[in-house]
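Asker: Provide a 3D model corresponding to the input given below.
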Amino acid sequence: MLSTVQDVPLLISRILTHGSSIHGTSQVTTWTGEPEPHRRSFAEVGARAAQLAHALREDLQVADDERVATLMWNNAEHVEAYFAIPSMGAVLHTLNLRLPADQLAFIVGHAADRVIIANGSLLPLLAPLLPHLKTVEHVVVSGPGDRTALEGSHARVHEYEDLIAGKPTTYDWPELDERQAAAMCYTSGTTGDPKGVVYSHRSIYLHSMQVNMAQSMGLTDQDTSLVVVPQFHVNAWGLPHATFMTGVNMLMPDRFLQPAPLAEMIEREKPTHAAAVPTIWQGLLAELTAKPRDVSSLGQVTIGGSACPPSLMEAFDRLGMRVCHAWGMTETSPLGTIARPPAHVVGTPEEFAYRLTQGRFPAGVEARLTGPGGERLPWDGESAGELEVRGPWIAGAYYNGPDAEPLRPADKFSEDGWLKTGDVGTISADGFLTLTDRAKDVIKSGGEWISSVELENALMSHPDVTEAAVVAVPDEKWGERPLATVVLKEGSTADFESLRAFLASDVCRIAKWQLPERWSIIEAVPKTSVGKFDKKKIRESLRLGQLDVTKLD
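Answerer: Here you go, the predicted model:
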């Protein structure tokens, strides 16, 4: 028996049409570094998205299913591309501008991008790459920047505003198959070549609905979201699409991602919500500590990408900015969990412990834990295993090129189709995930596991420590032991003995057998292209003898 409900495909064009009409007065505000930011209404974004679609189809001959790349900051023009490209039937491909040049060249070639839309300020990055981007025929440049860097290129160069000028402000968006590709992002390539994840119209639509649920980010048209998380990083955690569903105003920082301009944006534009990785918030906290600002409008902060140190969460609580932890990855679109404490603990001492978890799985994300022998582990809050997930916005394969079958490596996908996340953790009986480490980063000492994340968070709660990263090093007796690399605050007098004593104290309660013997002072923890700690670089520095390591008795 079939239902009697209309079969209307879930398309990005419907999100665009809804947002630009029902919420047409909501705004995308782009920070410019000038006295006044640039403001554009959702209605104007919708009209310009239609113009861009006409230009891509008629002038650049972009066909259905063709990839159109963006090399852009978070700004209104990037939002226009977010909607125009998939709505017309092509595929949006966001390029991570922080990736090494060789990885960017690989990604563009692998996706067979023919058109790149780039911000003018990023042309110094793009120009040296262009000779290696054989598939690229057109570069569309938006915003200020020196165009002379592109002279002599094999690609034709177009001005964004000139290209869309005079084009119709409406577009007859095609009725696509909702399972058709809409956008793609590549993983950051921590091992091997980056891998492409292709999102469908359906998956983005459903993910956007989940972002908007009250138990998720729960934003309305009374909110303004400061979207710091890059649009090239898993679709800015789904915020551009989700905001057009509900009319949430967007404050886009463009290239002004340093702590001082972010603090100024918050004080002047008064956003109610913001989203970014922990390293952004650590920098902002230092800025606000040195130069206090009125940040009272910012009541909700979503932190994901890596674990938020408890000390950071407590510091923002004192500023009136409530941190909400989230977990996800490129392969999960990215929303996988979000830490809204259950009703029965709100206002109790248990509430903070729930907030420190990665959060509870929403409807649409199924999860299981797998032990080292492949056994299924219980949700008891104690049994630790690798997290596997599946759902309507979870990747089931990687993109393997224009004419190749999807790629399902055994280390990333189970035989029955679940995504192996590579994260190790526990799940409580009520569905809250606590990650203890990445599978590749967990320290296996004497047959027991030591969580590098737990040690890092404890170290970063010390008043003299700015950052800390812990990696495993070989040990003849125990197999592996932790090496703690720390960044000390200027003027600090802390030594390794006192730091180890702090870990063992009643403040941190780290078990004696887990305490690091090996320590090193570093200037900064290396970061990946999306702001996570890059531990492979620490291991490489250790291998090359570039770390000054002290071993305590």
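Asker: Poorly predicted segments of this protein, please.
Answerer: In the predicted model of the chain, residues 189-191, 447 satisfy pLDDT under 70.
Asker: Can you give the distance of stretch 509-529 from its chain's centre?
Answerer: 24 Å (C-alpha atoms, centre = their mean, to the nearest Å).
Asker: scratch that, stretch 95-112 is what I was asking about
Answerer: Average the C-alpha atoms of stretch 95-112, do the same for its chain, and the two points are 17 Å apart (C-alpha atoms, centre = their mean).
Asker: Which element, helix or strand, includes residue 245?
Answerer: With elements delineated by DSSP states H and E, residue 245 resides in helix 239-246, which encompasses its position.
Asker: Tell me which other helices or strands that helix touches.
Answerer: Contacts defined by 3 or more C-beta pairs under 8 Å, 6 or more residues apart in numbering; DSSP states H and E place helix 239-246 against helix 12-21, helix 76-87, helix 201-212, strand 224-227, strand 249-252. For every residue, glycine as well, the C-beta is placed using N, CA and C.
Asker: Mind listing residues that contact it?
Answerer: 12, 15-16, 18-20, 23, 26, 42, 79, 82-83, 204-205, 207-209, 211-212, 217, 219-221, 225, 227, 229, 231, 235, 248-250, 275 (C-beta atoms under 8 Å, 6 or more residues apart in numbering).
Asker: and residue 550, which of the helices and strands packed on helix 239-246 is closest to it?
Answerer: Closest of these to residue 550 is strand 224-227, at 41.2 Å (criterion: C-beta to C-beta).
Asker: Direction included, what does the closest one pair up with?
Answerer: Looking at strand 224-227 with DSSP bridges, its partner strands are strand 249-252 (parallel), strand 273-276 (parallel).
Asker: Give me the buried positions along that strand.
Answerer: If you call a residue buried by 16 or more other C-beta atoms under 10 Å, then strand 224-227 has these buried ones: 224, 225, 226, 227.
Asker: For the residue sitting nearest the centre point of the chain, give me its contacts.
Answerer: Averaging the C-alpha coordinates of the chain gives a centre point, and the residue nearest to it by C-alpha atoms, centre = their mean is residue 233 (4.7 Å). Residue 233 makes contacts with 96, 185, 530, as judged by C-beta under 8 Å, 6+ apart.
Asker: quick one: it from residue 94, how far?
Answerer: Taken as C-beta to C-beta, to the nearest Å, the spacing of residue 233 relative to residue 94 amounts to 8 Å.
Asker: Report the set of residues contacting both of these two.
Answerer: Counting by C-beta under 8 Å, 6+ apart, the common neighbours of residue 233 and residue 94 are residue 185.
Asker: that older thread, dump the contacts of residue 233 to TSV, plus neighbour count.
Answerer: Formatted as TSV, these follow (neighbours: other C-beta atoms under 10 Å):
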residue	neighbour count
96	23
185	26
530	20
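Asker: Quick one: the helices in the stretch 51-200 of the chain, in order.
Answerer: Counting by DSSP state H, counting those that start in this stretch, the stretch 51-200 of the chain has these helices, from start to end: 76-87, 101-111, 123-126, 160-164.
Asker: which one of the ones you listed has the most crowded surroundings?
Answerer: Sort the helices of the stretch 51-200 of the chain by mean neighbour count, taking mean count of other C-beta atoms under 10 Å, and helix 76-87 sits at the top with a mean of 27.
Asker: roughly how far is that one from the heart of the chain?
Answerer: Relative to the mean C-alpha coordinate of its chain, helix 76-87 is positioned 19 Å out (C-alpha atoms, centre = their mean).
Asker: Now the terminal residues of stretch 132-140, how far apart.
Answerer: With C-alpha to C-alpha, to the nearest Å as the measure, the first residue of stretch 132-140 is 18 Å from its last.
Asker: do the same with stretch 134-148
Answerer: 20 Å.
Asker: That one: how far from the chain's middle?
Answerer: Taking C-alpha atoms, centre = their mean, one finds stretch 134-148 lying 26 Å from the centre of the chain it belongs to.
Asker: hmm, who's touching it?
Answerer: Stretch 134-148 has contacts (C-beta under 8 Å, 6+ apart) with 60, 69, 72, 75, 77, 108-109, 112-124, 126, 130, 150, 153, 155-161, 163.
Asker: redo that, cut-off 7 Å
Answerer: 60, 77, 108-109, 112-121, 123, 130, 150, 155-160, 163 (C-beta atoms under 7 Å, 6 or more residues apart in numbering).
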